[in-house]
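>>> coordinates for the following, if possible.
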Amino acid sequence: MSVEKPARNGNVLETFRHSGLASAAAAHHSRSTERGAGISAAFFDVDNTIMRGASLFHFAAGLAKLKYFSGRDIFGFGIKQLKFVLSGSENLEDVASATEAALAFVQGRSVEELTRLSEIVFDQRMVDKLIPGTLALAQQHIDAGEDVWLVTATPVELADLIARRLGLTGALGTVSQTENDIYTGKLDGYPLHGLAKAEAVRALASSEHYDLSACYAYSDSANDIPMLSIVGFANAVNPDPDLRTYAKKMDWEVSDFRKRAQLRENALPVATTAGGIALGLTAGYALGRIARGLKNT
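Numbers count the residues shown, from 1 in each chain. Coordinates of the predicted model:
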């Protein structure tokens, strides 16, 4: 089984466009909140923007702990993803390899099963990796009555779950093929990455009637410059060196929440300003811990 990759020629752009359209179609039909009244929306990358590290790796590690697959499987996944995880690489081939490895685990499994396990993994392995400063930015858009979407190469089922748990509108993510709600082990196009993200945002804006010149986008990676460039307000969050340089050139806003001192300073304001997100996460995490504790007594 392998990820369907575009040929290295003029068809590449068409494959990116197809991936973006597939993601936008899925997102349009699975939004988790009422549409905002305005023409503006905010689009947030996930890995190292909303969440520290690679969400796909956190998800795989959580599934391994739940015995969803064997230790040998996770070892193979770890070897394939060593460069991707340790270096923070978002190279397209690394992303494709990560997605391919994950698809090998879910082939033949049901969408319902994976969605149910996603809830558990989020509480156990992801909630404590969320970045408070970025959540505060998202909450500002929610408070302003604007739609807030995640945009990520992570499988759309996991991206949707993260969006729902954060009280966001929905998610644009990588779409996997299914037959009768069973994963086939193939993608619908290519991972939602780079140009594909821009195409997905553009397509969703069209279907949701957003004015891109009034929209916002947030990311840490230079790979997301196409997405950041199509909105009116771009913000480089925890930017890599290339994105920081480009953001400075374009006079984009830069938000860096990586310093421990900044995280401590932001802790109290986030608890107040990002009320909906912070309270929901705290309650959900606490209830999860209590439930697991009772189960083990």
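
>>> which stretches in the protein count as strands?
In the chain, the strands defined using DSSP state E lie at 41-44, 147-155, 170-174, 176-179, 182-187, 216-219, 233-237, 253-255.

>>> per-stretch mean pLDDT over those, give me the minimum one.
Per-stretch mean pLDDT for the strands of the chain is lowest at strand 182-187 (a mean of 85).

>>> and that one, what's buried?
For strand 182-187, a neighbour-count test (16 or more other CB atoms under 10 Å) marks 182, 183, 185, 186, 187 as buried. For glycine as for every other residue, the C-beta is placed from the backbone atoms N, C-alpha and C.

>>> quick check: which ranges of the stretch 51-200 of the chain have low pLDDT?
69-105 (pLDDT under 70).

>>> number of nearby residues for the nearest residue to residue 219 once chain neighbours are set aside?
Sequence neighbours aside, residue 45 is the residue nearest to residue 219 in space, at 3.8 Å (criterion: CB to CB, 6 or more residues apart in numbering). Number of residues near residue 45 (other CB atoms under 10 Å) recorded here: 26.

>>> again with the one 3 residues further on
A count of neighbours around residue 48, defined by other CB under 10 Å, yields 22.

>>> I'd like to know how far it sits from residue 236.
11 Å (CB to CB, to the nearest Å).

>>> please apply the same query to residue 198.
16 Å.

>>> so between those two, which is more surrounded?
The residue with more neighbours, out of residue 198 and residue 236, is residue 236; 28 against 23, by other CB under 10 Å.

>>> residues contacting the residue lying closest to that one once chain neighbours are set aside?
Distances taken as CB to CB, 6+ apart place residue 247 nearest to residue 236, at 3.9 Å, with adjacent residues excluded. Contacts for residue 247 (CB atoms under 8 Å, 6 or more residues apart in numbering) come out as 234, 236, 239, 253, 254.

>>> gap between the residue lying closest to the last one once chain neighbours are set aside and residue 134?
If you skip the residues right next to it in sequence, residue 254 has residue 236 as its closest partner in space, 4.8 Å away by CB to CB, 6+ apart. Relative to residue 134, residue 236 is positioned 12 Å away (criterion: CB to CB).

>>> what does residue 227 give?
Using CB to CB, one obtains 16 Å as the distance from residue 227 to residue 134.

>>> and the gap between the residue nearest to residue 219 and residue 120?
Distance from residue 45 to residue 120, by CB to CB: 24 Å.

>>> ditto for residue 242
36 Å.

>>> which one's more surrounded, those two?
When residue 242 is set against residue 120 and neighbours are counted by other CB under 10 Å, the residue ahead is residue 120, at 15 against 12.

>>> for residue 125, list the residues it contacts.
Going by CB under 8 Å, 6+ apart, residue 125 touches 58, 59, 61, 62, 65.

>>> for residue 175, state which of those is nearest.
Set against residue 175, the nearest of the contacts of residue 125 by CB to CB is residue 59 (16.1 Å).

>>> what's the burial count for that closest one?
25.

>>> okay, it and residue 13: tell me how far apart.
Residue 59 is 29 Å from residue 13, by CB to CB.
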